[in-house]
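>>> coordinates for the following, if possible.
(2 chains)
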Amino acid sequence: KQEVTQIPAALSVPEGENLVLNCSFTDSAIYNLQWFRQDPGKGLTSLLLIQSSQREQTSGRLNASLDKSSGRSTLYIAASQPGDSATYLCAVRGDRGSTLGRLYFGRGTQLTVWP
Amino acid sequence: GAVVSQHPSRVICKSGTSVKIECRSLDFQATTMFWYRQFPKQSLMLMATSNEGSKATYEQGVEKDKFLINHASLTLSTLTVTSAHPEDSSFYICSARDDGSTVVPDTQYFGPGTRLTVL
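Numbering: from 1, shown residues only, chains lettered A, B, ... in the order given. Below is the predicted model of the structure:
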C-alpha cells in the first residue's frame, strides 16, 4: 500500500527565507505527484504537478522536484512571504492495478511565515 | 479554470439526523468523483469513488450504508451521512475528474470542502 510521508510536520520561519518541504512515498509506481496548498478550513489549491517522467516543475517562486526511483519530492519556496502561510500537501497518483487513478496524500507541512 | 463547488460549506446537526452534501462540477463533465474525509491535522483519506450511473466503490473500513453516495448526473454527486454521530464530525472534500481534460489527462479538481459538526 502506498504511504506518503511529509517532513517537517510544521515549520515557522521569518519572512524572506528560502524553504524546502520534503515528501517521500513508498511505492515508486506513480503516475504523477502533486503539491497542494490548503488554507485553514478551506479546500485544496493545486500548486504544481510533476508527471512521473519529469524531474521538476516551476511556477513563480515555487519549484518542485521529483526523484521517482528514490521515492522523494521536494517543494522549494523562494523568498517566503506571510501570504505563503498555509498547509502544504503532497499527493501521489497510482499508475497500476488497484491504485490506478487514486490519490494518496501525506499529512502535510504546516507553514507559518512571520513578518 | 475548472471549478468544483460543494454545498453546504458548513453544517451543524444533532446526533441521529442525516446530512446531505452536494458536489458539483460547474463547467465540465465528471463521470468520476471522489469523496475524502479529513480530521484535524490529518491527511485526506479517500472514502469512496463515485461513478455516474453506477454504484460507488468504497474504501476498506468505510460503511456504505452509513455514507450513501449518489452520482445521478455528470455534474453532481451527493454524499449523505445517515444517522450522524459526533465521531462523524469532520471536513468532507470532494474532487471531480475532468472527462474532457487533454492537457493533463484525468485531472482532478477539488471542492472547497464541507465542515460537518454533529452535536
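>>> what about A:Trp30, how many residues nearby?
No, residue A:30 isn't Trp; it's Ile. A count of nearby residues for A:Ile30, using other C-beta atoms under 10 Å in any protein chain shown, gives 24. C-beta coordinates here come from the backbone N, C-alpha and C atoms, glycine included.
>>> just grab the bridge partners of it for me.
Legend: beta-bridge partners of A:Ile30 under DSSP bridges are A:Gly94.
>>> correct me if wrong: it contacts A:Ser52.
Yes. When contacts are counted by C-beta atoms under 8 Å, A:Ile30 is listed as touching A:Ser52 (5.5 Å).
>>> which residues of chain A lie near chain B?
A:4, A:32, A:36, A:41-44, A:46, A:49, A:51, A:89, A:91, A:101-103, A:105-108, A:110 (C-beta under 8 Å from any C-beta of the partner chain).
>>> restricted to strands, list those.
Applying DSSP state E to the residues of chain A next to chain B, the entries found in strands are A:4, A:32, A:36, A:44, A:46, A:49, A:51, A:89, A:91, A:103, A:105, A:110.
>>> ok so, going back, narrow the residues of chain A next to chain B to those that are buried.
For these, a burial check counting by 16 or more other C-beta atoms under 10 Å in any protein chain shown picks out A:4, A:32, A:36, A:42-44, A:46, A:49, A:89, A:91, A:102-103, A:105-108, A:110.
>>> and which of the ones in strands among the residues of chain A next to chain B is nearest to A:Phe25?
Distance to A:Phe25, by C-beta to C-beta, is smallest for A:Val4 among those, at 5.0 Å.
>>> bridged to that closest one, which residues?
Under the criterion used (DSSP bridges), A:Val4 bridges to A:Phe25.
>>> what residues are up against it?
A:Val4 makes contact with A:23-26, A:90-92, A:104-106, B:43, according to C-beta atoms under 8 Å, 6 or more residues apart in numbering or on different chains.
>>> between strand A:44-51 and the helix or strand A:Thr74 falls within, find me the angle.
Secondary-structure assignment from DSSP states H and E places A:Thr74 in strand A:72-77. If you take axes from the mean of the first three to the mean of the last three C-alpha atoms, to 10 degrees, strand A:72-77 sits at 130 degrees to strand A:44-51.
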